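**Q** coordinates for the following, if possible.
(2 chains)
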There are 2 protein chains.
Amino acid sequence: MRMAELSRRTGVPVPTIKYYLREGLLLPGERTSPNQAIYDETHIRRLRMIRALTEVGGLSIAKVRDVLDAVDSPEIPFEVLGAVQHSIEPPSGGTGSEYWETARERVAKLLLDRGWRANVDSPPAKTLIAALASLYELGREDLAGLLERYAPVAEKIAEVDVAAVTRDRGIEDTIEGVVIGTVLGDAMLGALRRLAHQHATARALGVPESYDYEKGLRGEHE
Amino acid sequence: MRMAELSRRTGVPVPTIKYYLREGLLLPGERTSPNQAIYDETHIRRLRMIRALTEVGGLSIAKVRDVLDAVDSPEIPFEVLGAVQHSIEPPSGGTGSEYWETARERVAKLLLDRGWRANVDSPPAKTLIAALASLYELGREDLAGLLERYAPVAEKIAEVDVAAVTRDRGIEDTIEGVVIGTVLGDAMLGALRRLAHQHATARALGVPESYDYEKGLRGEHE
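**A** Sure, this is the predicted structure:
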């Protein structure tokens, strides 16, 4: 198909497709003349994946490139998983905090206590350390305890995730599943957490069943 | 204290502080002459909060402003919670998907099945719908089942969260706790999930206990 149809079928505007081609996120189509190329189903699939990662997952174009490079690499899935995790890690600023060492020890102890084979200097561990250090800085040690309370829940989530992506699928589908599952899974978990917050808060504060949240937000509560 | 000391104590560069003042994220200090102002502990606290939200939580300056506006508003906590959730919701693109209606019905059914008092047209519900619609588009119905499997886990997380922020604290601390807990909680959960993935994958694939992840990522595995 021509680029116009590729755009129509994926909902991605032509200038955006050209941008992805220039940035190397999308492989070039098969050239039929100096100014024309044709595209196939693999391009549609790739564009849908880019949309999912950017629009739903909130990844930057640079992160999407890293993720797709990992997906396209000939590495074995286990290494790809690691590379994907490295590339989609959120920024973990705050290394300069005076609480960094204290926070790092607490994360190291958690990994040991739970018997997790994971490195305390890996990007996700650094994100945890940065979050903890921030809580200490803000004087919110009370919230730091979320770390230990979240850990067993995260273990359960990871079991669900691993079961979902390794089930009856070929190796390419598994790798793609890891990428999509990790990024869209973050979005889904964050959203479910907020919906569950609405419910849990309503219950904790004794808000009546009939309360209209949207009205309340518009300031129309009685 | 002068701005130089404020910068030193928080690790935030002077030009960045000036930017936050211009953008209204930070309240002006008390003016002592046309060109000088003094700042106090509330400014330090606010700057630390901005750093936590941007550097660890990954929020944009615009989102931080929305969140801080909610924190500073005289609304009751329940409304603030809603406003904060609205403002820190990740982008939920993809409304144009042909699978939107199917996905919306599935999310509505989930809310009903779990008895959650939450609106299917609220921002977090839309994020869920967008994620589901993406999975359908990508032909990954197999991963869509994560929705129902994540929901009870999210319920548990929300209980932990609500207990953590409503414990023995005044109203201002509670509101601040909701903001920090929601944003840093997302970062912590995402990071713990990745660490648990490393462990769960290693176990599922029978990777020996001695495997060195960091070496593997550098391509130094045997």
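**Q** for stretch A:170-180, which positions count as buried?
**A** By neighbour count on 16 or more other C-beta atoms under 10 Å in any protein chain shown, the buried set for stretch A:170-180 is A:174-180. C-beta coordinates here come from the backbone N, C-alpha and C atoms, glycine included.
**Q** tell me the secondary structure at A:Ser97.
**A** coil (DSSP: H, G, I helix; E, B strand; the rest coil).
**Q** that one is in contact with A:Glu137, isn't it?
**A** Yes. Applying C-beta atoms under 8 Å as the test, A:Ser97 and A:Glu137 come out as touching, 6.1 Å apart.
**Q** rewinding a little: closest to B:Pro15 out of the buried residues of stretch A:170-180?
**A** The closest of those to B:Pro15 turns out to be A:Val179 (C-beta to C-beta; 37.7 Å).
**Q** which ones are touching A:Tyr20?
**A** Taking C-beta atoms under 8 Å, 6 or more residues apart in numbering or on different chains, we find A:Tyr20 in contact with A:12, A:26, A:47, A:50.
**Q** distance of it from B:Ala131?
**A** Per C-beta to C-beta, to the nearest Å, A:Tyr20 is found 21 Å from B:Ala131.
**Q** next one: A:Asn119
**A** From A:Asn119 to B:Ala131 the distance is 29 Å (C-beta to C-beta).
**Q** the more surrounded of the two?
**A** More crowded of A:Asn119 and B:Ala131, by other C-beta atoms under 10 Å in any protein chain shown: B:Ala131, with 31 against 18.
**Q** thought A:Gly190 was touching that one, still the case?
**A** No. Using C-beta under 8 Å, B:Ala131 is not in contact with A:Gly190; the gap is 9.9 Å.
**Q** any regions of chain A where pLDDT drops low?
**A** Across chain A, residues meeting the criterion (pLDDT under 70) sit at A:74-96, A:166-169, A:204-205, A:207-222.
**Q** find the residue at the geometric middle of it.
**A** A:Val183 (2.8 Å; C-alpha atoms, centre = their mean).
**Q** ignoring the adjacent residues along the chain, who's closest to that residue?
**A** Nearest residue to A:Val183 in three dimensions, chain neighbours excluded: A:Gly57, at 3.7 Å (C-beta to C-beta, 6 or more residues apart in numbering or on different chains).
**Q** equivalent analysis for A:Val162, please.
**A** Spatial nearest neighbour of A:Val162, chain neighbours left out: B:Ala200 (4.5 Å); criterion: C-beta to C-beta, 6+ apart.
**Q** okay, now the one you found: neighbour count?
**A** Count around B:Ala200 with other C-beta under 10 Å applied: 23.
**Q** so A:Gly181 makes contact with A:Val165?
**A** Yes. Under the criterion of C-beta under 8 Å, A:Gly181 makes contact with A:Val165 at 5.4 Å.
**Q** what touches both of the two?
**A** What both A:Gly181 and A:Val165 touch, as defined by C-beta under 8 Å, 6+ apart, is the set B:Leu143.
**Q** more neighbours: which of these two?
**A** A:Val165 (28 against 23).
**Q** residues touching the more buried one, list them.
**A** Counting by C-beta under 8 Å, 6+ apart, A:Val165 has contacts A:174, A:177-178, A:181, B:143.
**Q** those residues: which two are farthest apart?
**A** Every pair of those checked by C-beta to C-beta; the farthest is A:Thr174 and B:Leu143, at 11.4 Å.
**Q** what helix or strand is A:Leu132 on?
**A** Using DSSP states H and E, A:Leu132 falls within helix A:123-137.
**Q** so where do the strands sit in chain A?
**A** For chain A, the strands defined by DSSP state E occupy A:30-33, A:36-38.
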